[in-house]
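Asks: please find the sequence and the predicted model below.
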Amino acid sequence: YIRTQTLQSLMEKYNISAYTHGKKEDKLGDVFEDYCVEILNSTELLQKYLSNTLSNANTDEYIFKLLMNAGYIKNTNKIKKISASREIEHRITGGNAKTDVIADITYNDNSSVSVSISVKQTTAKKVAMAEFDVDTIVREVGITDKEVISLLTKHQTDASAKNFTAIEKQTLKENLKPYATKLVRWVLTGSPDKDCTDLRFPKLILKIDFTKKDEIKDIHVYDIDTYINSVMKDKNGNIRAGGFGTGLGWTYATGSKGKKIQFKG
């Protein structure tokens with residue numbers, strides 16, 4: 001993927017070359033969120049899309065096409081205007097929304113729809129998706145099984161499943177089954193409900209994998225259900241063994257060991 005002038009300008013704006021690993025990841029988050037906004041706001045890209053002349057060789061054009069063709073946005077051939085921004089309200093709990101970009105789409109008949117997008121960028125195979133304490137996880141996902149709650153608490157306290165017996169591992173996996181999809185959806189979007197219409201909870205995920213040299217390696221756009229399936233199931237459609245049937249990586253972040261569980265996906 002060739003770094004376009006649009007992306008290069010943003011890299012320079014945020015002075016990416018001056019940062020090292022941790023701080024660089026944070027700044028790259030700003031870069032790619034701004035990049036998504038600029039791509040969606042481009043009238044030139046919209047016109048090219050409508051005339052079916054976008055090129056896969058141009059990174060800006062490729063991402064625009066992926067976002068339009070992800071399946072969530074309907075009647076894409078009748079779009080008149082797109083207005084995107086990063087101005088997102090905080091969640092009621094006070095935390096940041098999972099949505100990074102909102103695109104307001106106006107159609108030829110002047111009807112409109114808003115699309116919420118999460119932008120993820122990483123050099124790792126799995127990216128940190130959420131980090132919460134067990135009380136919050138249980139409350140927001142709606143977990144009532146006492147054994148699940150007890151084992152989640154043990155995992156949080158120990159910062160891993162290292163002290164779990166084989167029976168405890170199996171119990172958590174089995175008893176978590178009724179909640180597994182809801183948990184993954186909540187980790188990814190901030191809401192366990194499939195039909196949530198709040199724009200703070202994303203409907204599309206733009207995932208950009210890049211190298212240690214800040215070059216784009218791969219680009220994917222998913223609707224939430226497709227991403228949930230990719231996290232939870234292997235290529236044959238079987239539930240992954242990892243993450244107690246969720247497919248998520250369960251770990252902790254530096255500074256919150258013993259207090260929260262971090263999920264990677």
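Replies: Structure's in. What do you need?

Asks: going forward, measure contacts between C-alpha atoms and count neighbours the same way
Replies: Will do.

Asks: partners of the one helix or strand in the chain whose mean pLDDT sits lowest in the sheet?
Replies: Sorting the helices and strands of the chain by mean pLDDT, DSSP states H and E puts strand 128-132 at the bottom, at a mean of 89. When pairs are called by DSSP bridges, strand 128-132 turns out to pair with strand 261-264 (antiparallel).

Asks: put the alpha carbons of the partner strand into PDB.
Replies: Only the C-alpha atoms of strand 261-264 are listed here, as PDB (Å, rounded to 0.1, in the frame of the first residue of the first chain):
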ATOM      1  CA  ILE A 261      -9.100  -7.500  32.600                       C
ATOM      2  CA  GLN A 262      -7.900  -6.400  29.200                       C
ATOM      3  CA  PHE A 263      -9.300  -8.000  26.100                       C
ATOM      4  CA  LYS A 264      -7.500  -8.200  22.800                       C
END
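
Asks: how far does it sit from its chain's centre?
Replies: Centroid displacement of strand 261-264 relative to its chain, using C-alpha atoms, centre = their mean, to the nearest Å, is 13 Å.

Asks: which residues touch Glu168?
Replies: If you count contacts by C-alpha atoms under 8 Å, 6 or more residues apart in numbering, Glu168 has them with Leu151.

Asks: pull the longest strand from this structure.
Replies: Ranked by number of residues, the top strand in the chain under DSSP state E is strand 112-122.

Asks: and that one, what's buried?
Replies: Of all the residues in strand 112-122, those buried under the rule 16 or more other C-alpha atoms under 10 Å are Ser114, Val115, Ser116, Ile117, Ser118, Val119, Lys120, Gln121, Thr122.

Asks: redo the residues you listed as TSV? Include distance to Tyr19.
Replies: TSV is the format used below for the buried residues of strand 112-122 (distance: C-alpha to C-alpha, whole Å):
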residue	distance to Tyr19
Ser114	34
Val115	32
Ser116	29
Ile117	26
Ser118	24
Val119	20
Lys120	19
Gln121	16
Thr122	15
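
Asks: nearest to Glu87 among the residues you listed?
Replies: Nearest to Glu87 out of those is Ser116 (C-alpha to C-alpha; 11.2 Å).

Asks: what about the closest one, distance to Leu67?
Replies: 11 Å (C-alpha to C-alpha, to the nearest Å).

Asks: report the contact partners of Ser70.
Replies: If you look again at residue 70, you'll see it is Ala, not Ser. Contacts for Ala70 (C-alpha under 8 Å, 6+ apart) come out as Leu204, Val221, Tyr222, Asp223.
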